[in-house]
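Trainee: Sequence first, predicted model second:
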There are 2 protein chains.
Amino acid sequence: MKIAPSDIRKFFNPKSIAFIGVSRSAAKFGGLSFMKKFQEAGFSGRLYPVNPKAKEVLGFKVWPDLEALPEIPDLAVVSVSAAYVPDVLEACGRVGLRHVHIFTSGFGETGTREGINLEKRLAGICRDHGIQLIGPNCMGPYCPASRLTAWGAIPGLPGPLGIISQSGGMTQRLTEYTASLGLGVSKAVSFGNGTVLDALDWLESFGEDESLRVIGMYLERLPDGRRFLETARRIGRRKPVILLMGGETGAGARTAASHTGAMGGNAVLFRAAAAQANVVQVENLDEWVDALLAFSLLPRPLSEDLFLIGGGGGNSVIYGDTCVRQGLSVPPLSKGTMSRLREMVPTAGSIAGNPLDLWTTYTDTDCVGELIDLAEADTAVSMIVVDRLIPRMAYHMPTADTTPQMIERLKGRAGKKPILFVVDSEGGDSELAARGAAIRAALGAAGYPPYPSIYRAARALARLCRYHRRLSNGDV
Amino acid sequence: MKIAPSDIRKFFNPKSIAFIGVSRSAAKFGGLSFMKKFQEAGFSGRLYPVNPKAKEVLGFKVWPDLEALPEIPDLAVVSVSAAYVPDVLEACGRVGLRHVHIFTSGFGETGTREGINLEKRLAGICRDHGIQLIGPNCMGPYCPASRLTAWGAIPGLPGPLGIISQSGGMTQRLTEYTASLGLGVSKAVSFGNGTVLDALDWLESFGEDESLRVIGMYLERLPDGRRFLETARRIGRRKPVILLMGGETGAGARTAASHTGAMGGNAVLFRAAAAQANVVQVENLDEWVDALLAFSLLPRPLSEDLFLIGGGGGNSVIYGDTCVRQGLSVPPLSKGTMSRLREMVPTAGSIAGNPLDLWTTYTDTDCVGELIDLAEADTAVSMIVVDRLIPRMAYHMPTADTTPQMIERLKGRAGKKPILFVVDSEGGDSELAARGAAIRAALGAAGYPPYPSIYRAARALARLCRYHRRLSNGDV
């Protein structure tokens, strides 16, 4: 089904919303909690709680039914029990309400004949009335520009990401996760069972949406794998599609079936086809975020060759190994760079080379700045990874954090090579963990992807390189 | 070279230490900083700083040379410049000092003829005088029971681990890392270039040391791969050997050569042989710690089948996929367990099964306790993984942490299946990061391995299962 720009407006920027199924107590998750979150976020549209048994909730007049409303709301959020949902949907159809989000679960995903039939009835009613449906069994639309942020990081950070997801939980986690690193989501849709509007519809729509530069997807079902990959390939030429596919294994698929009624296909075949289509496939939430950061914030790398700036001998060895295992290259630097490095780096206890083992880099911002300038000018490398070691017990170092100066210093740089940071705060106390999170947040907010480990950084970079290499080779 | 129990005593529990090369200012890392750390940690032996130009440092009388000392110290820590080290070593030999740690770098690892020859001279002097040498280019011995904790988490936590490492930095990081999770290191040795005592010598020695239950190694060079693996196989039958091998790739090996003078071999062949010998090979610091936690704290799993306790549909799907990808199994539960689960788990919004998707588990300790009891009694599963979701914005949940009650509840359990926790605090603010670290620390201190992600938990568990399966199959 085609999602038109007018549908997008009604879903993501509604002027009015009806909440059908609003409990009188705030204890239950559902219509009332959605309303409350919209209200808290400063949503400026009109809110119409509907409940025949209540008079007022959250200071709003409660309406007995849709017919009683003073207007046809742009959007309805339905959270009555599953058995009543068909009636509510019929009522929407009768009053001419054409955009509905069903929060309620208990349909096909239960695996019962009753649930499956109930979901079929929903599809039929939507077809009869031309209703554009999000759900059932989902968290619905999310759009911080409209303060439509019933879930996710509140008040919501707009940004380059568009998220299409069958799981409300995963989308909420992702939205909070990227926001904590300064990367915003301008539109997200948690669409659950996808009874009417499915993954393909949303991909088409977000693909055309010029406000979105990178698309993240969490799927448990592909209604039409071939068409999906064709669409993803086409859209992916302009806009990377980062896909987290749930239910690839037996155990995952069994749960996916109970979660959104999805049936897993052949994961190996799909993977190969997805790679062909230049869809960037990831395996978990961390990898999803890591890739979204790299694809949103970094320019195109001209090759897989990177310069690793850090300190510590064993550390450098493992960092180098990790990058190479991910398919990246840590090549020898050019003669000019090396001769300058030999001036900068002491012979004992440090190693002039790539990786660079130079403890000074952790405290001396100007030193890192010069190294970055050297790397920008060195044709042997196309990317720059800076390890920001956190002062910790094991390092016998002063505790001042030079991140603000580092960010200031980078503002003046002329180069255009991808540059990213590793800030590893594992294995200390709570204070160290907090400091690491704060440094990563500051770097992310400044536009530099920050990773908590070289493994995760290298994995994301390798995906970025592969994507651009296939594009520039004309393979897609 | 054989390390005798008397050597171990002199290295790890010396009654007296001479520091040769003690600067008068604390600014430089070296002899003085070692002395200062020993002093701070409460080392009870006698300390003899040696420096012909000083009278007193840190309140200690400074001695002009070794001959002037009132006794032959058990151990010498040498940190004079590389060129002077042979003379110092000769002096040690002359006075009968037989246990030496050389901190100084600038030998074979520089790649220069001069450095290589200098290192050969050290080997010759040690041979002539029967000196047992740790180093050069390393941090030396570590033993918290003796307050010999010049590096690593201070004051040092004794425990089941023995660490053998060519990198001082990696060993310090590891020691701090495991200590932060309540897991102690009773003996560690950073042996750098391993000119006299090498990886094999230390493995033999730690293998026989009854105070050590698990051995962690970081190596950049194997002097004799075949003998090493034979020894590791033999020791590994009683005591798991967890190996982080640096320099497996071209970039890593190039750095390893400059770091400790090591030359990488064929990584693929070595990996296969190491797996045959039941050596547990890991790829980075996080994996090293993750495996050490599992091998130190968990009993033998009887199969790869685990029960995943957590909440969230998408989460459960991905958790299941992640475990299966690592070679574990997340099988259907037995009938008895399922019938009880169906009573406990609501139909809508949760999933009774394996993985279990039940939000209550995050707040209700008794519920988790009962689930663990069910799993202990269910022959379909051999391991239990509990996801401790942290209350965060995305989850609209109360913020009380139930970890203390959880730990209390577990004290009463009768079962013996491995049980471990996932506490994922990624993607929030600093406070969330701090809380996650604190919860992991509390669980670790209570003896339950805590992991920051299901990926890392599953990877460690898979290694534990493989190790025990090979043992019980009689494959090693």
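Mentor: Nice, thanks for sending it over. These figures come from a predicted structure and were not determined experimentally.

Trainee: Just the C-alpha atoms of stretch A:351-366, please, in PDB.
Mentor: C-alpha atoms of stretch A:351-366 as PDB (Å, rounded to 0.1, in the frame of the first residue of the first chain):
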ATOM      1  CA  ILE A 351      56.400   3.200  19.000                       C
ATOM      2  CA  ALA A 352      56.500   5.600  16.000                       C
ATOM      3  CA  GLY A 353      54.300   3.900  13.400                       C
ATOM      4  CA  ASN A 354      50.800   2.800  12.600                       C
ATOM      5  CA  PRO A 355      49.400   2.000  15.100                       C
ATOM      6  CA  LEU A 356      51.100   4.900  16.900                       C
ATOM      7  CA  ASP A 357      52.000   4.200  20.500                       C
ATOM      8  CA  LEU A 358      52.500   7.500  22.200                       C
ATOM      9  CA  TRP A 359      51.200   8.200  25.700                       C
ATOM     10  CA  THR A 360      51.400  11.900  25.200                       C
ATOM     11  CA  THR A 361      48.400  11.700  23.000                       C
ATOM     12  CA  TYR A 362      46.200  11.100  26.000                       C
ATOM     13  CA  THR A 363      47.000  14.400  27.700                       C
ATOM     14  CA  ASP A 364      48.400  16.700  25.000                       C
ATOM     15  CA  THR A 365      45.700  18.000  22.700                       C
ATOM     16  CA  ASP A 366      48.100  19.900  20.400                       C
END
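
Trainee: touching chain B at all, that stretch?
Mentor: Yes. Stretch A:351-366 reaches chain B (C-beta under 8 Å from any C-beta of the partner chain) through A:Ile351, A:Gly353, A:Asn354, A:Pro355, A:Asp357. Quick note: C-beta positions are derived from backbone N, CA and C, even for glycine.

Trainee: Name the nearest of those residues relative to B:Gln172.
Mentor: The nearest member of the residues of stretch A:351-366 next to chain B to B:Gln172, counting by C-beta to C-beta, is A:Asp357 at 15.0 Å.

Trainee: got the contact list for the closest one?
Mentor: For A:Asp357, the contact set (C-beta atoms under 8 Å, 6 or more residues apart in numbering or on different chains) comprises A:Gly310, A:Gly311, A:Gly312, A:Gly313, A:Asn315, A:Ser316, A:Ser350, A:Ile351, B:Thr255, B:Ser258, B:His259.

Trainee: Tell me where the model's unsure across the stretch 251-400 of chain A.
Mentor: Applying pLDDT under 70 to the stretch 251-400 of chain A flags residues A:262-265, A:391, A:393-399.

Trainee: Just give the number of residues close to A:Leu203.
Mentor: 25 (other C-beta atoms under 10 Å in any protein chain shown).

Trainee: Those residues of the stretch 101-250 of chain A touching chain B, which are they?
Mentor: Counting by C-beta under 8 Å from any C-beta, the stretch 101-250 of chain A sits next to chain B at A:104-106, A:110, A:151-154, A:165-170, A:172-178, A:180-181, A:218, A:220, A:244, A:246-250.

Trainee: Just the ones in helices from those, please.
Mentor: Counted as lying in helices by DSSP state H, out of these, are A:Gly168, A:Gly169, A:Met170, A:Gln172, A:Arg173, A:Leu174, A:Thr175, A:Glu176, A:Tyr177, A:Thr178, A:Ser180, A:Gly250.

Trainee: Which one (most neighbours) among those?
Mentor: Ranking those using other C-beta under 10 Å puts A:Thr175 first, with 31 neighbours.

Trainee: Relative to B:Arg234, how far out is that one?
Mentor: Using C-beta to C-beta, to the nearest Å, A:Thr175 is found at 53 Å from B:Arg234.

Trainee: go on, A:Gly252?
Mentor: Per C-beta to C-beta, A:Gly252 is found 40 Å from B:Arg234.

Trainee: Also A:Lys53?
Mentor: Using C-beta to C-beta, we find A:Lys53 at a distance of 76 Å from B:Arg234.

Trainee: if we can go back for a sec, can I get the residues of stretch A:351-366 next to chain B in a markdown table with secondary structure?
Mentor: Shown next, in a markdown table, are the residues of stretch A:351-366 next to chain B (DSSP: H, G, I helix; E, B strand; the rest coil):
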| residue | secondary structure |
| --- | --- |
| A:Ile351 | strand |
| A:Gly353 | coil |
| A:Asn354 | coil |
| A:Pro355 | coil |
| A:Asp357 | strand |
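
Trainee: Which of these sits closest to chain B?
Mentor: A:Ile351 (4.4 Å; C-beta to the nearest C-beta).

Trainee: returning to what we had before: which ones among the contacts of A:Asp357 are found in helices?
Mentor: Per DSSP H, those map to helices at A:Gly313, A:Asn315, A:Ser316, B:Thr255, B:Ser258, B:His259.

Trainee: any residue of stretch A:422-430 up close to chain B?
Mentor: Yes. If you take C-beta under 8 Å from any C-beta as the test, stretch A:422-430 does meet chain B, through A:Ser425, A:Glu426, A:Gly427, A:Gly428, A:Asp429, A:Ser430.

Trainee: Enumerate the positions of that stretch that are buried.
Mentor: A:Val422, A:Val423, A:Asp424, A:Ser425, A:Glu426, A:Gly427, A:Gly428, A:Asp429, A:Ser430 (16 or more other C-beta atoms under 10 Å in any protein chain shown).

Trainee: Thanks a lot, see you next time.
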